[in-house]
Structure formats: structure tokens, C-alpha cells
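Asks: Have a look at this prediction, sequence included:
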Amino acid sequence: MPPRAREVWTPERVDPLPGTEFALMQLRVAPITSGLAIGSLIAGIASILVAVLVLCFGVAGATQGWGGVVAGAFALLGALVGGGAITVGLIARRQIKRSGQDGRVRFTGGGVAVAGISCGGAGVGIAVLILLLVMVLQSS
């Protein structure tokens, strides 16, 4: 839903110019959801999905002998994507914390960034645990 005209042009600060009838007006800027936080959440969810692929390929190929190799490749991918989600989520939290000062855009989405960090960590942990399980299944 687009903002109303009054909400778009709300003055935040008005500074009169001495000796004139004019003033400088600084308009209020609506807060924006951090794109880094959204990217972190997307990467975190992707790392969990890749961890599911580690399970599928690892269990399916454990009896034929190729499960450990394929699961290891997907576990490496899951760890990289999950690590990226954690890193970008931490950067997003810093961006959100520092925003909103005078004349700067205010970012929101701290909860989204935390969810991205959590999903990234979960994806890394699940991928590593499933890879260890596949290695045990393949060796026996």
C-alpha cells in the first residue's frame, strides 16, 4: 500500500534562516528493511536445504560407495552458504544498529538478521552432523 501524501512529506526538522522569511526543512525518511538481513535469511534457508541434500545423497549412496563423496561436496557447499549467511547477518545487525542518525536512513530487520544467522548456523551444523553419519554408515 503506497504511503499517503502527508506521510511522505512529514518534516523532521525546520531550521529558520536568520534575516529571511525562509527556512530549511529536513523531511522524515521512512525506515527501510535491510537488504543484507533479507539476504542472510535467504542464504540461511538455502544452507538448510543443502543439508537436506547431504542427507538424501549420503543415505542413498552409502551402500554403493559414492554417498560419502557426494555428501561431502554438498556438505562443503552447505557450510559455505551457511557461513555466508552468518557473516552477512552479522554485518546487517551492525548496519541496523548504526542507522537512523540525523539525516541518515533508518534500517529495520534486526529479527530477520537474527533468523538468518540462526538458519545459517543450523544449516552448517546439520550438514556436518549428517556428513559424519554418512561416513559412519558407509564404513560399516
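Replies: Looks like it arrived, so ask away. This is a predicted model, so every value here is computed, not measured.
Asks: Return the list of helices and strands in contact with the helix or strand Ala92 falls within.
Replies: Assigned by DSSP states H and E, Ala92 belongs to helix 67-98. The contact analysis (3 or more CB pairs under 8 Å, 6 or more residues apart in numbering; DSSP states H and E) places helix 67-98 against helix 35-60, strand 107-108, helix 110-139. Where you see a C-beta, it was placed from the backbone N, CA and C, and this is true even at glycine.
Asks: Which residue of this protein lies farthest from its centroid?
Replies: Gly19 (50.6 Å; CA atoms, centre = their mean).
Asks: Pretty sure it sits in a helix.
Replies: No: counting by DSSP: H, G, I helix; E, B strand; the rest coil, one finds Gly19 to be coil, located in no helix.
Asks: Got phi/psi on it?
Replies: phi 80, psi 0 (degrees, to the nearest 10).
Asks: In contact with the spatially most central residue of the chain, which residues?
Replies: Geometric centre of the chain, nearest residue: Ser40, 1.3 Å, by CA atoms, centre = their mean. By CB atoms under 8 Å, 6 or more residues apart in numbering, the residues touching Ser40 are Ala85, Ile86, Val88, Gly89, Ala92, Val112, Ala113, Gly116, Ile117, Gly120.
Asks: pLDDT value on the fifth one, please?
Replies: On pLDDT, Ala92 comes in at 97.
Asks: wait, it sits on Thr33?
Replies: No: under the criterion of CB atoms under 8 Å, Ala92 is not in contact with Thr33, lying 10.0 Å apart.
Asks: Please identify every residue contacting each of the two.
Replies: In contact with both Ala92 and Thr33: Gly109, Val112, using CB under 8 Å, 6+ apart.
Asks: who's more crowded, these two?
Replies: Per other CB atoms under 10 Å, whichever of Ala92 and Thr33 has more neighbours is Ala92, with 27 against 13.
Asks: Kindly provide the distance from the more buried one to Leu55.
Replies: 29 Å (CB to CB, to the nearest Å).
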